[in-house]
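Chemist: Fold the following for me, if possible:
(chains A and B)
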Amino acid sequence: MNINSNKYTYVFAVVMVVLVATLLSIAATSLKPFQDKNVELEKKSDILRSIGIEGEDVESLFDQYIQEQLVIQNGEAIESEITAFDIDMASAVALAADKRQVPLFKAAVEGNTYYVLPVRGKGLWGPIWGYVALKGDGNTILGATFGHKTETPGLGAEIATPIFQDQFPGKKLFTTTYEGIEVRKGDASGDQQVDGISGGTITSVGVQDMISDCLKPYKPYLMSIADAALVPAVQLAPIVDSTLITAAL
Amino acid sequence: MSNEQKPAQEGLFSKKNRRLLIDPMNANNPVTVQVLGICSALAITVKLKPAIVMGLSVIVVTTMANLITSLMRNMIPNRIRIIVQLVVVAALVILVDQVLKAFVYDVSKQLSVFVGLIITNCIIMGRIEAFSLGNTPWKSVLDGLGNGAAYGGILIIVAFFRELLGNGTLLDYPVVEWMGLYDVGYKNNGMMLLPPMALIVVAMIIWVQRAKTPSLIEKD
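Modeler: Take a look at the predicted model:
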């Protein structure tokens, strides 16, 4: 047989491509469950990291600390067909803020309640994302973690490092004048300001836009938490008074 | 019964075959002598673990690619042989990538695009074109193993020095701290973590190798 004839060449190419395609699709399908599991574990460990929990056994830590997973739309917890954990933020943020269904993770650590909200936006080259954890007042940031797909190493990619992320704890999301966190150049001493990355301006601005955009659907919900957090303090006052009275008697 | 005389059977590990395995380690090293695969040697040698995984991946790909193309060598139409080689290599690389993603996810994230770029690693295409298309499967396997291991070996040497001097750790184990060097004022050299230092370490390996192997020294 002449292996250099046109006919043979075509047949050889077709057979080879079909064989290889079959092999690769079998491999991809059979390995998919393992890969999905890895992605899920990574997501769980990212959420835990934002509330300062790190450890080997992510699965059980997640079950231990994350008490509730809510789906939020327009600031209210709703019943949804899809579970909060499975919501794809990429397609959620593509919708208008009032149409989004977004997840909110409620964590309980040593008696304190924390709220973790996922954020997602655009960097310079591709998507950036992260998790912002709030303290029980629904306003003060406990911790934040960010990730990126293709930001420039040493510049934009620095948002994924502690140097950048460690600025967030203690900052506030809401004041009467601004909602979100301002990523700025130079002085960042304000309650709502963090220092951006030199040479990574577009990524830094991306983080700022991402936070203020992703905050929108949560705002009324977080506000109601903030109000609720104030109530016990008010209730405490009479009790203190009555004990004083008893003591006086 | 034929009267034809059987050719003398060559042993599996005859001297000639052993040379196929050992030559790439020194006199014909793909990285330090042929200067191939340098790009990935710079990129993924910051830490030892990714370097080891990358080395193993390349060994698997070169060996399998050599074996498969050698088995097919009398069937491949000459005009599309480069495409056939690419398809074989690409399929193997995708397989390796999928397996890494499924079982060593964190390392696969660190290696990121470089697993995919094994396809363009000149060592692999070079060995197929130069060797396995003209040799029997067993010899091709040895050649693939030898070249893959030689590449992986260089990667591991470079990563060893970069992680140790740049980060003070080996496989994330804090060796320098354990030796107590920080207490006497030792500091990690952050420059070791930057790409240029990988080139300099490779150059030093070449220097040592040439000093020890006179046959590699060019005559002026």
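Chemist: And stretch A:32-49, what's buried?
Modeler: Along stretch A:32-49, the positions that meet the burial threshold by neighbour count (16 or more other Cβ atoms under 10 Å in any protein chain shown) are A:35, A:38, A:44-49. For every residue, glycine as well, the C-beta is placed using N, CA and C.
Chemist: so how far is the top strand by length along chain A off the chain centroid?
Modeler: The single longest strand within chain A, with elements called by DSSP state E, is strand A:112-122. The gap between where strand A:112-122 is centred and where its chain is centred comes out at 5 Å by Cα atoms, centre = their mean, to the nearest Å.
Chemist: by contact count, what packs against that strand?
Modeler: Taking 3 or more Cβ pairs under 8 Å, 6 or more residues apart in numbering or on different chains; DSSP states H and E as the contact definition, the neighbouring helices and strands of strand A:112-122 are helix A:89-92, strand A:102-109, strand A:127-134, helix A:201-215.
Chemist: Let's have those in a markdown table, adding distance to B:Leu56 and mean neighbour count.
Modeler: Shown next, in a markdown table, are the helices and strands packed on strand A:112-122 (distance: least, Cβ to Cβ, whole Å; neighbours: other Cβ atoms under 10 Å in any protein chain shown):
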| stretch | distance to B:Leu56 | mean neighbour count |
| --- | --- | --- |
| helix A:89-92 | 33 | 14 |
| strand A:102-109 | 38 | 20 |
| strand A:127-134 | 31 | 23 |
| helix A:201-215 | 34 | 21 |
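Chemist: Could you check how far A:Ala107 is from chain B?
Modeler: Between A:Ala107 and chain B the distance, using Cβ to the nearest Cβ, to the nearest Å, works out to 24 Å.
Chemist: from what I can see that residue touches A:Phe62, true?
Modeler: No: with contact taken as Cβ atoms under 8 Å, A:Ala107 and A:Phe62 are classed as non-touching, separated by 9.4 Å.
Chemist: follow-up on the earlier one: show only the entries of the buried residues of stretch A:32-49 found in helices.
Modeler: A:35, A:38, A:44-49 (DSSP state H).
Chemist: Give me the nearest residue to A:Ile159, chain neighbours excluded.
Modeler: Distances taken as Cβ to Cβ, 6 or more residues apart in numbering or on different chains put A:Phe146 closest to A:Ile159, at 4.6 Å, once the chain neighbours are dropped.
Chemist: where exactly do the helices run in chain A?
Modeler: Here chain A has its helices, by DSSP H, at A:6-50, A:58-65, A:89-92, A:162-165, A:201-215, A:219-248.
Chemist: Now do A:Val116: how many residues are near it, please.
Modeler: Counted with other Cβ atoms under 10 Å in any protein chain shown, the neighbours of A:Val116 add up to 26.
Chemist: In contact with the closest residue to it other than its chain neighbours, which residues are there?
Modeler: Of all residues beyond its chain neighbours, the one nearest A:Val116 is A:Phe105 (4.1 Å), with distances taken as Cβ to Cβ, 6+ apart. Contacts for A:Phe105 were tallied using Cβ atoms under 8 Å, 6 or more residues apart in numbering or on different chains; they are A:47, A:66, A:68-70, A:84, A:115-117.
Chemist: Need the pLDDT of A:Phe105.
Modeler: With respect to pLDDT, A:Phe105 has a value of 90.
Chemist: next one: A:Thr161
Modeler: The pLDDT attached to A:Thr161 in the predicted structure is 84.
Chemist: next one: B:Leu155
Modeler: 90.
Chemist: ok, now which ones touch it?
Modeler: B:40-41, B:44-45, B:51-52, B:54-55.
Chemist: That one belongs to a helix, doesn't it?
Modeler: Yes: according to DSSP: H, G, I helix; E, B strand; the rest coil, the state of B:Leu155 is that of a helix.
Chemist: separation between it and B:Ala41?
Modeler: Distance from B:Leu155 to B:Ala41, counting by Cβ to Cβ, to the nearest Å: 6 Å.
Chemist: try B:Lys49
Modeler: Separation of B:Lys49 from B:Ala41 (Cβ to Cβ) stands at 16 Å.
Chemist: Which residue of these two possesses the greater neighbour count?
Modeler: B:Ala41 (24 against 17).
Chemist: give me the element that one is part of.
Modeler: Following DSSP states H and E, one finds B:Ala41 within helix B:38-43.
Chemist: Point out the residues in chain B that sit beside chain A.
Modeler: Among all residues of chain B, those adjacent to chain A (criterion: Cβ under 8 Å from any Cβ of the partner chain) are B:74-80, B:83-84, B:87-88, B:91, B:94-95, B:98-99, B:101-103, B:105.
Chemist: Where does the prediction get shaky in chain B?
Modeler: Judged by pLDDT under 70, chain B has its weakly predicted residues at B:1-10, B:112, B:220.
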